[in-house]
Structures are given as structure tokens and as C-alpha cells.
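Enquirer: predicted model and sequence below, questions to follow.
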Amino acid sequence: MNWRRLITRSVVTAAFLGVAVGFAAALSLEKIDQLTSTDTFCSDSCHVMADYVAYQPVYVNSPHRTTYTGIQAGCADCHIPEGLLQATWTHAVSGIRDTWSLLSNDFSSREKWHASRTGMAYRVRDWMLANDSATCRSCHEQDALKPRRERGVRRHRLAQRKHVTCIACHYNLVHQKVAPRREFLRKAGVWPLTE
């Protein structure tokens, strides 16, 4: 028996099977990411989102949902980063955290939900600050932004010059207003913001 040939065949077979399994896993993860990144999944798989966020006027009439261009950003556009591995990791971590939150908190009334909103808003803002508003930048090109007012033009120039990220100023763009923490504004480089 030729041991070299047997070893070579075993290595080639194992490599082929590894590539095939890896390819199948990547395709599966991509499909799962597509299914779990829809607004329907985000709002209808969790009654709390459906009851207190997805169909509320603050969200439905926000600048990212009701635009003159007809382009609508969905939940995943802001909350899930691009890239298969990053998206899969974020889905897994967020899913576990959200499930734990639903099991350990009482969101049976709007008042109880709103009592927790501030902490949730802070957590998402801190995440976006840490990743330099990557999800914003996946749709918006900073150099192509053309604010309608002169004040906006000045603020965007200042933000670019000081390397201030999107979430630092646009923290109440889509959801119900939650005041920012002074520490968040300091870390974001906008406290105090001077021209």
C-alpha cells in the first residue's frame, strides 16, 4: 500500500469537504442575515417593537422613513453593520441581549417600556460612536452631503475638520427623543461645540 498516496488523497478530500462545508455555511449565514434584517422580522417577531416602535408616528414620519426621494432606511440599515461576519455577530449578540431583556423586564405597558428607553438609546449611541457611525456611512457619503441650510453646511464642515462622527449630532434622528449624556457628547467631540 502506498502511504503517500493515501495521505495525499485524505488531505485533498478533507480540504475539499472543508471548502464545501464552509461555502454552505456562508450561504446559510447570508440567507439568515437577509431574513432577519427585514423590517417585518424586526417589528413583527417582537411584540414590543410592534407595539412601541415600528408603527409609531415618531418612527414612521422620521426623516429616514418618509423622504422626498422615496428611499426608506430600515431597522437593519442602522442597527446591523455590513459584512457577513459582522452582521452575523451583531444578530447573534443583539438577539441574545434582546431575548434576555424581554425575559427579565416587564414591558407590559408603554410607561414601563419608556422607563427603559433611555438606557437602550444610550447603548445604541455608544455602539455607533465606537464604530464611527459605520452603518450611517454605509448609505451616506460624507463629502456628498448637501445640507439645505447654511448652518448645516457650516456644522458639517466643522464636523469633518474635527473628525466628529454622525451619531454625535444626529442622535435623535429616527426614534423618540432621548437627551444625550454629557459624557457621550464629550467622547463624541461635540461638548462644547464651537466654531
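Expert: Great, that's in hand.
Enquirer: list the contacts of stretch 105-115.
Expert: Contacts with stretch 105-115, where a contact means CB atoms under 8 Å, 6 or more residues apart in numbering, come from Val48, Asp51, Tyr52, Ser116. The way it works is simple: take the backbone N, C-alpha and C, and place the C-beta from them, glycine included.
Enquirer: I figured the first one hits Leu102, correct?
Expert: Just to be clear, that refers to Val48. Yes. Here Val48 reaches Leu102: they are 6.7 Å apart, a contact under CB atoms under 8 Å.
Enquirer: re earlier: any chance of a ChimeraX selection covering the buried ones in the contacts of stretch 105-115?
Expert: One line in ChimeraX is enough to select the buried ones among the contacts of stretch 105-115; burial here means 16 or more other CB atoms under 10 Å:
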select :48,51,52
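Enquirer: any residues in contact with both of Val48 and Leu102?
Expert: Contact criterion CB under 8 Å, 6+ apart; residues shared by Val48 and Leu102: none found.
Enquirer: may I ask you to name the longest helix in this protein?
Expert: What stands out as the longest helix in the chain, according to DSSP state H, is helix 3-36.
Enquirer: list the buried residues of that one.
Expert: Asp33, Thr36.
Enquirer: same check on stretch 156-173?
Expert: Those would be His156, Ala159, Val164, Thr165, Cys166, Ile167, Ala168, Cys169, Tyr171, for stretch 156-173 by 16+ other CB under 10 Å.
Enquirer: do me a favour and get the end-to-end distance for that stretch?
Expert: 16 Å (CA to CA, to the nearest Å).
Enquirer: select the helix or strand of this structure having the lowest average pLDDT value.
Expert: Ranked by mean pLDDT, DSSP states H and E, the weakest helix or strand in the chain is helix 47-49, scoring a mean of 81.
Enquirer: show me what that one is packed up against.
Expert: The helices and strands touching helix 47-49, judged by 3 or more CB pairs under 8 Å, 6 or more residues apart in numbering; DSSP states H and E, number zero.
Enquirer: how many residues are close by Arg125?
Expert: By other CB atoms under 10 Å, 21 other residues sit near Arg125.
Enquirer: actually, Gly189.
Expert: When neighbours are defined as other CB under 10 Å, Gly189 has 14 of them.
Enquirer: from Thr165, how far off is it?
Expert: Computed with CB to CB, to the nearest Å, the distance linking Gly189 and Thr165 is 8 Å.
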